[in-house]
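Engineer: Next one to model:
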Amino acid sequence: MTKFITNHDVTDALKEVIFFAKQNNIVDLNMVDNIEIKGNDIKVSVVFPKLDDPAVGIVYNSIVKKLKDKLGEDINVDVKPIDEKDKGLGPLSGVKNIIAIIAGKGGVGKSTVAANLAIALSKTGSTAGIFDADIMGPSVPMMFGVEGGQPEVIDRGGKPIMVPLENHGVKILSLGFFVKPGQALMWRGSMINNAFNQLMKDSEWGDLDYLVIDMPPGTGDIQLTLAQSYNIRGAILVTTPQKLATADVRRAAMMYRQDKLSIPLLGIVENMSYFTPDELPDKKFFIFGQGATDELAKELEIPVLGRIPIVEKIVESGDSGTPIVMDENEKVTAEFIQIAKNVKAEIKKL
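Structural biologist: Sure thing, here's the model as predicted:
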């Protein structure tokens, strides 16, 4: 006599199927979209962040094995993988391109580049947002003049969802909105990952052409989480001209070129590239050296997207909450605009 199979039976079995990228089972991760049972025929629809992930096949086989082990070898199992975007699911389903801004170490102006790039993308006709994922040093709220701001929280199916703030034509979200000024964050890796995922997933970004993510420097937990769990369109390296700085960013670049991650490197932005005194507008003084960035770009076979000079007003404008790219009269604004255009061109090549 054939056992009567219930939805509860199937769900219990599926709780033993692990999606290793997120280190949890597919039921608790809300990946199971639908279960259909007709006698011994079981159909399971499962939502994945992206269907070209090798994990899809692993989960597919695991579902078949677990269901047969638990419910009998005579059952027929049909697994239907679904892409998050096709389903209209996922907090980032309306975001076309996620761009990670990475650096090998702090102090190279990564956040400054990220903030000005986000605005430059907006000024060149695209919708843009910026997510400050530099958990240990969130500086985006200050740069955008929204310090002390609090994102609105709305209810979405019984779940609280954050609505990013907006300024200078860019949607903004940062952990800095939820941390008191001067508060030290002494968090372990798992706590950082949880905060990062919550801000990414429980937010209403809406429809965006580009979401710029200001990453923490180095190659830590957040970098791995971002690469493994989200559909990143490409990464931009930020460095200064010193050989030591390019050596550090090379290590960060190699992380994103591992077989298990393979996120495209769109190019390099060289910050603090040179200094031009006001009284000598035609002279360039390469205070931190010259050539190391070009060598790295050649080694990685990626372009130099742009070179940002040392300009006092870049720092002043960031501190005042109005990034320099907002000033049409500044020469460096044209450089950031060109970087944005170069980024778009590189993405079109992918």
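
Engineer: what ranges do the helices span in the stretch 201-350 of the chain?
Structural biologist: Assigned by DSSP state H, counting those that start in this stretch, the stretch 201-350 of the chain shows helices spanning 221-229, 243-256, 292-300, 312-320, 331-349.

Engineer: So which of those helices is nearest P141?
Structural biologist: P141 lies closest, by CB to CB, to one member of these: helix 312-320, at 11.4 Å. All C-beta atoms are positioned from the backbone trio N, CA, C, and that covers glycine.

Engineer: Quick one: work out the angle between that closest one and helix 331-349.
Structural biologist: 80 degrees (axes from the mean of the first three to the mean of the last three CA atoms, to 10 degrees).

Engineer: and helix 312-320, which residues are buried?
Structural biologist: 314, 317-318 (16 or more other CB atoms under 10 Å).

Engineer: Also stretch 75-82?
Structural biologist: So stretch 75-82, judged by 16+ other CB under 10 Å, has buried residues 75, 77, 79, 81-82.

Engineer: how many neighbours does the closest residue to F286 other than its chain neighbours have?
Structural biologist: Distances taken as CB to CB, 6 or more residues apart in numbering place Y274 nearest to F286, at 5.0 Å, with adjacent residues excluded. By the measure other CB atoms under 10 Å, the count of residues near Y274 is 17.

Engineer: For E312, see how far away Y274 is.
Structural biologist: As defined by CB to CB, to the nearest Å, Y274 lies at a distance of 14 Å from E312.

Engineer: Name the SS class of K50, please.
Structural biologist: Here K50 is recorded as coil under DSSP: H, G, I helix; E, B strand; the rest coil.

Engineer: I'd guessed it sits against D83; true?
Structural biologist: Yes. Taking CB atoms under 8 Å as the definition, K50 is a contact partner of D83 at 6.5 Å.

Engineer: so what's the residue nearest to F286 up against?
Structural biologist: Contacts for Y274 were tallied using CB atoms under 8 Å, 6 or more residues apart in numbering; they are 284-287, 290, 307, 309-310.

Engineer: Which one's more surrounded, K50 and D83?
Structural biologist: Neighbour count, other CB under 10 Å: between K50 and D83, D83 has more, with 17 against 12.

Engineer: Give me the pLDDT value at the residue lying closest to the more buried one once chain neighbours are set aside.
Structural biologist: Computed as CB to CB, 6+ apart, the closest residue to D83 that is not its neighbour in sequence is L51, at 4.9 Å. At L51, the pLDDT value in this model is 86.

Engineer: right, and L51 touches K80 too?
Structural biologist: No. Applying CB under 8 Å as the test, L51 and K80 come out as separate, 10.9 Å apart.

Engineer: mind giving me the domain split of the chain?
Structural biologist: 7-87, 95-349 (automatic domain parsing).

Engineer: Put the alpha carbons of stretch 332-346 into PDB.
Structural biologist: Output in PDB follows, covering the C-alpha atoms of stretch 332-346 (Å, rounded to 0.1, in the frame of the first residue of the first chain):
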ATOM      1  CA  VAL A 332      38.200  66.900 -11.000                       C
ATOM      2  CA  THR A 333      34.400  66.600 -11.500                       C
ATOM      3  CA  ALA A 334      35.100  65.900 -15.200                       C
ATOM      4  CA  GLU A 335      37.400  63.100 -14.200                       C
ATOM      5  CA  PHE A 336      34.800  61.400 -12.000                       C
ATOM      6  CA  ILE A 337      32.200  61.800 -14.800                       C
ATOM      7  CA  GLN A 338      34.600  60.200 -17.200                       C
ATOM      8  CA  ILE A 339      35.200  57.300 -14.800                       C
ATOM      9  CA  ALA A 340      31.400  56.700 -14.600                       C
ATOM     10  CA  LYS A 341      31.300  56.600 -18.400                       C
ATOM     11  CA  ASN A 342      34.200  54.200 -18.500                       C
ATOM     12  CA  VAL A 343      32.500  51.900 -15.900                       C
ATOM     13  CA  LYS A 344      29.400  51.800 -18.000                       C
ATOM     14  CA  ALA A 345      31.400  51.000 -21.000                       C
ATOM     15  CA  GLU A 346      33.200  48.100 -19.300                       C
END
